[in-house]
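Undergrad: sequence and predicted structure below; questions after.
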Amino acid sequence: KLLSFPLAEFLTVISHVLFPRSTMPSGQQPQKHYGITSAISLAPPREIDHQYTKKLCDAMKPFGVFEDEEELNHRLAVLGKLNNFVKEWIAEISELKNLPPSAISCVGGKIFTFGSYRLGVHTKGADIDALCVAPRHVERSDFFQSFFEKLKQHEEIKDLRAVEDAFVPVIKFKFDGIEIDLLFARLALQSIPDNLDLRGDSILRNLDIRCIRSLNGCRVTDEILYLVPNKENFRLTLRAIKLWAKRRGIYSNMLGFLGGVSWAMLVARTCQLYPNAVAATLVHKFFLVFSKWEWPNPVLLKQPEDSNLNLPVWDPRVNPSDRYHLMPIITPAYPQQNSTYNVSTSTRTIMSEEFKYGLSVTDEILQGKAEWSKLFEPPNFFQKYKHYIVLTASASTEENHLEWIGLVESKIRVLVGNLERNEYITLAHVNPQSFPGSKENRNENDFVSMWFIGIIFKKVENAESVNIDLTYDIQSFTDTVYRQANNINMLKEGMKIEATHVKKKQLHQYLPPELVQKKKRVRVSSWLTFNYLTKVQPQYLTLSHSEEPSVKAKPPSPPASSSVTTVLSGSVKPNTTSSPREEPNGLEDSVNGAPAKRPHSPTQEDLAKRHKDSEVEEGVLSSWGGEPVWICSE
């Protein structure tokens with residue numbers, strides 16, 4: 001891999017990763033800085049780079065990542081109408097609060113967008129994140145009462161609901177077919193002009209914390225766009241990386257992977273390091289930089305600044321908890337925050353391996369050995385592991401089910417954390433895609449969703465077998481979910497969680513055949529294959545067919561608020577063919593406050609070796625690959 005790109009560039013990348021504030025060696029001309037360091041390369045694009053970029057665009061089109069002109073105009077029209085609603089409503093509120101007519105005429109009010117739409121990388125059918133900015137005499141309660149009622153009166157607005165007690169309060173609705181999440185911020189200003197710029201830190205002065213959180217999305221998005229050298233190259237590259245992340249199953253902030261803003265900041269940093277490169281080159285450089293990145297060194301787009309507003313910011317020198325973040329990517333707008341605090345040992349390991357795989361694929365593409373479509377091929381998650389936990393959430397009505405799965409999904413990372421802390425588990429890989437429950441595995445009138453977690457058990461030295469008890473891991477997770485549901489008065493009769501251990505060969509009981517089937521097997525009969533097995537991989541011929549590990553469910557003691565939970569325990573025979581490294585990861589044990597030692601997650605070679613070992617049985621060698629697993633929407 002080290003020979004697949006120039007040695008000088010490799011050394012430059014490593015120096016930027018390890019010494020992000022270092023200066024250029026003496027004797028070299030200083031280069032223009034984009035971000036916190038000089039650029040790695042200022043080379044302009046070649047003709048072949050433009051050709052590869054065009055091929056990249058063509059490869060993305062079938063996935064619906066580009067909207068046509070009609071759809072874009074429709075979004076603009078909807079946002080224009082919504083902006084008018086806000087101005088009308090603020091004028092009405094101002095009149096009710098006895099403001100003079102001269103003040104009412106210029107009181108203003110405005111809708112700002114943020115997220116993927118503001119960045120210019122939204123896909124077909126994607127929702128719009130928006131912010132309603134109001135002057136100081138308009139209260140938050142007005143937004144959730146009178147403005148909510150105003151929206152109700154419009155026939156074009158459907159599925160209207162308010163989530164006032166959320167961490168960032170929001171009104172959700174569909175406006176003429178377009179989903180909108182609308183936040184609210186009240187500024188310490190008499191009026192809101194149409195040319196208001198939210199980037200200045202002084203705008204945060206004298207605001208409550210909910211308004212600051214609501215403003216954060218817009219401020220971060222605008223700062224990212226301000227800090228990239230070329231917006232169009234950034235946008236096309238980000239479209240490609242977001243599509244890749246979704247296809248590879250690593251796009252989910254909630255489940256401990258990365259969300260949209262984190263991917264945007266990684267791409268923006270790549271653009272800063274290669275300011276003149278076009279999208280095809282930037283995609284390759286993205287994988288080059290972040291496959292070599294020494295986490296937990298943070299990714300920064302600019303030097304953090306203190307605006308003396310006494311707001312909490314990410315700073316491991318001051319905040320002990322910040323020192324345990326595994327993959328920090330720091331937002332560029334004050335107050336700076338780590339956008340990846342949900343990342344766990346397992347999810348970081350999975351993403352790191354995906355960065356390396358992305359580098360190898362883009363190497364092939366730029367050498368003319370593969371097409372861009374290969375980059376967007378999904379992994380076959382359901383062939384990757386020998387053991388899985390199936391997490392099932394069910395409810396008796398559709399409305400209850402939608403509420404219930406939202407809560408359960410938001411807590412799955414708690415279960416992953418519990419499993420990671422188990423001394424016998426090396427990796428817990430949650431698939432972000434949920435699946436409907438099969439008719440065979442649910443009551444006829446229940447609404448069911450399932451998530452799958454792939455498990456790798458640690459090899460135990462000098463032990464023929466070991467009992468692995470997951471009772472506490474599962475029970476504490478289900479207790480957390482039921483307790484949260486009780487606290488917010490969500491828990492209703494029929495809401496249940498069930499966790500079941502299954503082996504890979506049992507997945508067909510839960511999923512359609514096309515998701516779990518292997519590619520055609522080939523007999524190990526040719527001299528070439530036999531020669532490979534005996535000379536290159538001799539351990540394949542010494543595999544013993546020991547009894548398959550078994551994990552059986554036993555009746556739990558359910559929490560007072562629930563009717564059903566499921567816990568796991570059983571006997572698992574260790575894998576005798578490979579042994580991952582063991583290193584402490586520096587995380588704190590959230591239960592007793594002591595540092596928790598967890599087995600180090602396996603390398604790419606370890607995972608490949610395990611995969612191959614699990615497929616060689618009785619002289620049959622399974623070929624690599626599999627059918628597509630899912631296509632993620634925006």
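TA: All right, it came through fine. This is a predicted model, so every value here is computed, not measured.

Undergrad: C-alpha only now, for contacts and for neighbours.
TA: Will do.

Undergrad: roughly how far out does stretch 60-79 sit from the chain middle?
TA: 23 Å (CA atoms, centre = their mean, to the nearest Å).

Undergrad: buried stuff in it?
TA: In terms of neighbour count (16 or more other CA atoms under 10 Å), stretch 60-79 has its buried residues at 60, 65-67, 75, 78-79.

Undergrad: do the same with stretch 483-494
TA: 483-485, 491, 494.

Undergrad: residues contacting Leu238?
TA: Neighbouring residues of Leu238 by CA atoms under 8 Å, 6 or more residues apart in numbering: 121, 263-264, 267.

Undergrad: correction: Phe257
TA: For Phe257, the contact set (CA under 8 Å, 6+ apart) comprises 250-251, 340, 342-343, 347-348, 351.

Undergrad: hmm, back to that, looking at the contacts of Leu238, which is nearest Arg239?
TA: Val121 (5.8 Å; CA to CA).

Undergrad: ok, that closest one - contacts?
TA: Contacts of Val121 (CA under 8 Å, 6+ apart): 65, 235-236, 238-239.

Undergrad: I'd like the distance between it and Ala59.
TA: 16 Å (CA to CA, to the nearest Å).

Undergrad: coming back round to it: closest to Pro193 among the contacts of Leu238?
TA: Distance to Pro193 across these (CA to CA) is lowest for Val121, with 27.1 Å.

Undergrad: A strand includes that closest one, no?
TA: No: using DSSP: H, G, I helix; E, B strand; the rest coil, the assignment for Val121 is coil, not a strand.

Undergrad: relative to Gln475, how far out is it?
TA: 41 Å.

Undergrad: likewise Asn319?
TA: According to CA to CA, Asn319 stands 31 Å off from Gln475.

Undergrad: average pLDDT for stretch 200-208?
TA: Averaging pLDDT along stretch 200-208 yields 92.

Undergrad: can I get it as CSV, trimmed to CA atoms?
TA: Output in CSV follows, covering the C-alpha atoms of stretch 200-208 (Å, rounded to 0.1, in the frame of the first residue of the first chain):
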residue,chain,number,x,y,z
GLY,A,200,-20.5,36.5,14.2
ASP,A,201,-20.0,35.3,17.8
SER,A,202,-21.5,38.4,19.3
ILE,A,203,-24.9,37.2,18.2
LEU,A,204,-24.9,34.6,20.9
ARG,A,205,-24.6,37.2,23.7
ASN,A,206,-27.4,37.0,26.3
LEU,A,207,-29.1,34.0,24.7
ASP,A,208,-30.5,31.0,26.5
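
Undergrad: same question for it: list its buried residues.
TA: Leu204.

Undergrad: gap between that stretch and the chain center?
TA: On CA atoms, centre = their mean, the centre of stretch 200-208 falls 29 Å from that of its chain.

Undergrad: repeat that for stretch 181-198.
TA: On CA atoms, centre = their mean, the centre of stretch 181-198 falls 29 Å from the chain's centre.

Undergrad: kindly report the same for stretch 257-265.
TA: That offset, for stretch 257-265, works out to 7 Å (CA atoms, centre = their mean).

Undergrad: low-confidence ranges, the stretch 301-450 of the chain, go.
TA: 439-445 (pLDDT under 70).

Undergrad: which residue ranges of it form helices?
TA: Under the criterion DSSP state H, counting those that start in this stretch, the stretch 301-450 of the chain carries helices at the ranges 345-366, 381-384, 398-421.

Undergrad: give me the nearest residue to Asn418, chain neighbours excluded.
TA: Distance criterion CA to CA, 6 or more residues apart in numbering; nearest residue to Asn418, sequence neighbours excluded, is Asp473 at 5.2 Å.

Undergrad: how about the strands in the stretch 351-500 of the chain?
TA: Using DSSP state E, counting those that start in this stretch, the strands of the stretch 351-500 of the chain run over 387-395, 425-430, 435-436, 447-457, 466-469, 496-503.
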